[in-house]
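[1] Sequence and computational prediction follow.
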Amino acid sequence: MQAMPEGPQSLPPRKKKRKTRRGFLEVFLHKMQKPEVVLISVWWFIMLVLVIYMAEMGPILWEVWRPLAFLPPDHVLRDPGLCHALTARSEPRMS
């Protein structure tokens, strides 16, 4: 008669889970949420606003950027239709 080994029975080896690589956007957003990055960003934004105010560049910037203000509404109206048209064409048709 064979003697049974004492102690716990050996389990089959587990498959190691492969760690998924995080994408560029995920890593970038994780780094951007650090407190020191938020503080330095706020600091530079305040400095930009103060320079524009002290140099009295507000009216000049308003004149330059006013024509560009018409571009975002154009994209808001056009892009959803374009995306819908592209996805509707790529879906397989059921016959």
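    That came through, no problem.
[2] Show me the shaky parts of the protein.
    Along the chain, the model assigns pLDDT under 70 to residues 1-9, 11, 88-95.
[3] Nearest to the spatial middle of it, which residue is it?
    residue 25 (4.6 Å; Cα atoms, centre = their mean).
[4] quick one: it and residue 70, what's the gap?
    29 Å (Cβ to Cβ, to the nearest Å). Every C-beta, even on glycine, is put in place using the N, C-alpha and C of the backbone.
[5] And residue 36, how far from residue 26?
    19 Å.
[6] actually residue 40, not the one I wrote
    With Cβ to Cβ as the criterion, residue 40 and residue 26 are 21 Å apart.
[7] Output the helix or strand hosting residue 72 as CSV, restricted to C-alpha atoms.
    Residue 72 belongs to helix 71-90 when assigned by DSSP states H and E. Extracted in CSV, the C-alpha atoms of helix 71-90 (Å, rounded to 0.1, in the frame of the first residue of the first chain):
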residue,chain,number,x,y,z
LEU,A,71,-17.1,77.5,-35.3
PRO,A,72,-18.2,75.3,-32.3
PRO,A,73,-21.9,75.6,-33.1
ASP,A,74,-21.2,74.4,-36.6
HIS,A,75,-19.4,71.3,-35.3
VAL,A,76,-22.2,70.6,-32.7
LEU,A,77,-24.8,70.6,-35.5
ARG,A,78,-22.7,68.8,-38.2
ASP,A,79,-20.7,66.1,-36.4
PRO,A,80,-23.5,64.0,-34.8
GLY,A,81,-25.0,63.6,-38.3
LEU,A,82,-21.7,62.7,-39.8
CYS,A,83,-21.0,60.1,-37.0
HIS,A,84,-24.5,58.7,-37.5
ALA,A,85,-24.0,58.4,-41.2
LEU,A,86,-20.6,56.7,-40.8
THR,A,87,-21.8,54.2,-38.2
ALA,A,88,-25.0,53.4,-40.1
ARG,A,89,-22.9,52.5,-43.2
SER,A,90,-20.5,50.3,-41.3
